[in-house]
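Peer 1: for reference, the sequence and a predicted model appear below.
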Amino acid sequence: MNILVSRCLLGFPCRYDGKSTYYGELIEFIERYKNKHNFIGICPEVDGGLPIPRATCEIVNGKVLTINGEDKTKEFIDGANTVVDKATEYFVQVAILKSNSPSCGTGKIYDGNFSNKIINGSGIASKMLSDFGVYVITEEELDKIDYLLSVEE
């Protein structure tokens, strides 16, 4: 099975602040399944043309805005489309994406006030992947696919 994974979770410094969010539990998870499954790193924001580092963004009234009010919706949509294209090309069924992100957040995102408050919602790429039929989880929900991957072995 081919599985998309947010590149920042794999240790690549592609976050808005130029850092990664290396997630040890995810790396252990991948190590456990790497001989049977293909993990494909993605970053919708970089794929959409945004630089590293870049201004922090949040979804505000359906648009993706920087903390300075610049509209980056097009870049986020372009990046999400690239990720969906990759999901199509590789017949992806599952994605493990970075929690709370305006691109990758699944079920929870920042509230759009740049106040670090979390609300219910999904990021642009997460929603597009989900609408496409990909099962999307965050790095905090690995238990949701652990059984699925072990059965596939």
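Peer 2: Sure, I can see it.
Peer 1: my guess is Leu65 meets Lys74, correct?
Peer 2: No: using C-beta atoms under 8 Å, Leu65 is not in contact with Lys74; the gap is 12.0 Å. No exception for glycine: its C-beta is placed from N, CA and C like everyone else's.
Peer 1: more crowded one of these two?
Peer 2: Leu65 (20 against 12; other C-beta atoms under 10 Å).
Peer 1: for that one, which non-adjacent residue is spatially closest?
Peer 2: Leaving aside its sequence neighbours, Leu65 sits nearest to Asp71 (C-beta to C-beta, 6 or more residues apart in numbering; 5.9 Å).
Peer 1: what is the neighbour count of that neighbour?
Peer 2: Neighbourhood size, Asp71 [other C-beta under 10 Å]: 13.
Peer 1: pull the longest helix from this structure.
Peer 2: Criterion DSSP state H: the longest helix present in the chain is helix 73-89.
Peer 1: ok now that helix, how far from the chain's centre?
Peer 2: Relative to the centre of its chain, helix 73-89 is centred 11 Å away, using C-alpha atoms, centre = their mean, to the nearest Å.
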